[in-house]
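Asker: Take this sequence and fold it.
(one chain, ligands or ions: 1)
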Amino acid sequence: MFNLVIFGPPGAGKGTQSDKIIAKYNLAHCSTGDMFRMHVSNQTELGRKVKEIMDSGQLVPDSITIEMLEDAVQRNKDATGFIYDGFPRTVPQAEALDKFLADKGQQIDLVLQLDVTEEEIKHRIAERQKISGRADDDASKLIKRIDEYFNKTIHVLPYYQSQGKVVKINGIGEIEAIFGIICAAIDAKI
Ligand code: AMP
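Answerer: Next up is the predicted model:
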């Protein structure tokens, strides 16, 4: 079982690189953002609960997010590994994930930190919004999302650094070149 966290601010390329990692290493994708968007578009009870929070660019409360994530992992019994994309985004989420995995005799094996400047994020998300139409990609909401990242999510990094699990990857450049560096980091651990 290989458990990988892909970490970085909104627009760092987590989704793009996750798709490539999944195709090559056959990992199950655990994207809490995708799960929440699915709930919103299916208008489930959870979707109704989180829609406004998401649209405003804020983080969904930990208790809701952790429960949904753990449920998704439990249901995927055949997976030989997972890639956590957009999770954990707070230290309590990281702690909950560690405990959840430890109870199954597992651990996080590697944290890939995609390093991208704030200027680049803003540029990329403005481009993405033209296609995605995501309400939270709107410039005014993006400010809140970047805020949430620097206030809450950034602290997840020292949490994993203290465990010696973080490999920092320059997230600016050609997608294929970045993927090559990512593969080398995974191959060294797998
Ligand atoms: P993403 O697609 O990963 O950028 O996530 C879109 C939105 O979903 C975020 O701005 C949050 O509102 C919510 N979300 C996704 N993952 C999490 C998480 N781990 N913790 C809290 N909220 C999350």
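Asker: what does this protein have sitting close to the ligand?
Answerer: 10, 32-33, 36, 53-54, 57-60, 65, 86-87, 89, 93, 136, 145 (C-beta under 6 Å from any ligand atom). Where C-beta positions appear, they are placed from N, C-alpha and C, glycine not excepted.
Asker: again, only this time at 8 Å
Answerer: 10, 14-15, 31-37, 50, 53-54, 57-62, 65, 69, 85-90, 93, 136, 145, 148 (C-beta under 8 Å from any ligand atom).
Asker: Which of the residues you listed fall within strands?
Answerer: 31, 85 (DSSP state E).
Asker: just the strands in the protein please.
Answerer: 2-7, 28-31, 81-85, 110-115, 166-170.
Asker: And the residue of the chain found nearest the ligand, how far from residue 11?
Answerer: Relative to the ligand, the nearest point of the chain is residue 33 (2.2 Å; C-beta to the nearest ligand atom). Per C-beta to C-beta, to the nearest Å, residue 33 is found 12 Å from residue 11.
Asker: More neighbours: the two, which one.
Answerer: Comparing residue 33 with residue 11 by other C-beta atoms under 10 Å, the one with more neighbours is residue 11, at 25 against 18.
Asker: Is it correct that the more buried one is in contact with residue 117?
Answerer: No. In this structure, residue 11 is not within contact of residue 117 by C-beta atoms under 8 Å, at 10.5 Å.
Asker: Please name the nearest non-neighbouring residue to residue 65.
Answerer: Closest residue to residue 65 apart from its sequence neighbours, by C-beta to C-beta, 6 or more residues apart in numbering: residue 32 at 5.8 Å.
Asker: Test for you: state the pLDDT assigned to that neighbour.
Answerer: On the pLDDT scale, residue 32 is placed at 97.
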